[in-house]
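1. Give me a 3D structure for the following:
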Amino acid sequence: MSKKSGKIAERIAAFQGDGLDAHYLGFFDCFNRQLFYEAHDVLEELWLADRRGPDGDFFKGLIQLAGAFVHLQKNRLRPAAALFKLARANLVKYPSRHWQLNVAVVLQLIETWLDWLEADEFGKNPFPSRGLPELALSVR
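-> Prediction:
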């Protein structure tokens, strides 16, 4: 087990047996605590196992979304916008509700952040002055 795998195992331990994959749940926990790099790492293990499967682009889109916020945290506005666009291109392929996530809400979040970046012509970082992004799962 690599050092990275050990840290990921610690992050997802609390989510074992909660119905959905612990990596997936750990992604949301990290994302909502603004641990975007860690969110990327946690979900990457699930994506690697299914990257060519039916949910591969879904997981990739969420990883790219987290990556966009990593770039915003580092004040890299154009790379953030590029990742938002890649995330959108991957997530738009899925139904409005997928893996208990309201994909339509996530797509709207992406559009909002892209609008903020482009409105200022990449001159001002909207993070975190415009609020902190949050993702929520819904149970039906």
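
2. elements contacting the helix-or-strand element of the chain with minimal mean pLDDT?
-> Between all helices and strands in the chain, the lowest mean by mean pLDDT, DSSP states H and E belongs to helix 3-12, at a mean of 77. If you count contacts as 3 or more C-beta pairs under 8 Å, 6 or more residues apart in numbering; DSSP states H and E, helix 3-12 packs onto helix 22-32, helix 36-50. (C-beta placed from N, C-alpha, C; glycine too.)

3. which of those is buried the deepest?
-> Mean neighbour count (mean count of other C-beta atoms under 10 Å) peaks for helix 22-32 among the helices and strands packed on helix 3-12, with a mean of 22.

4. if we look at that helix, which residues are touching it?
-> Under the contact criterion C-beta atoms under 8 Å, 6 or more residues apart in numbering, helix 22-32 has outside partners 8, 11-16, 18, 36, 38-39, 42-43, 45-46, 62, 66, 69, 99, 133-137.

5. Could you rerun that using 7 Å?
-> By C-beta atoms under 7 Å, 6 or more residues apart in numbering, the surrounding residues in contact with helix 22-32 are 11-12, 15-16, 18, 38-39, 42-43, 45-46, 62, 66, 99, 134-135, 137.

6. gap between that helix and the chain center?
-> Offset of helix 22-32 from its chain centre (C-alpha atoms, centre = their mean, to the nearest Å): 9 Å.

7. re earlier: could I get the helices and strands packed on helix 3-12 as JSON lines with mean pLDDT?
-> Listed next are the helices and strands packed on helix 3-12 as JSON lines, based on pLDDT from 0 to 100:
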{"stretch": "helix 22-32", "mean pLDDT": "95"}
{"stretch": "helix 36-50", "mean pLDDT": "94"}
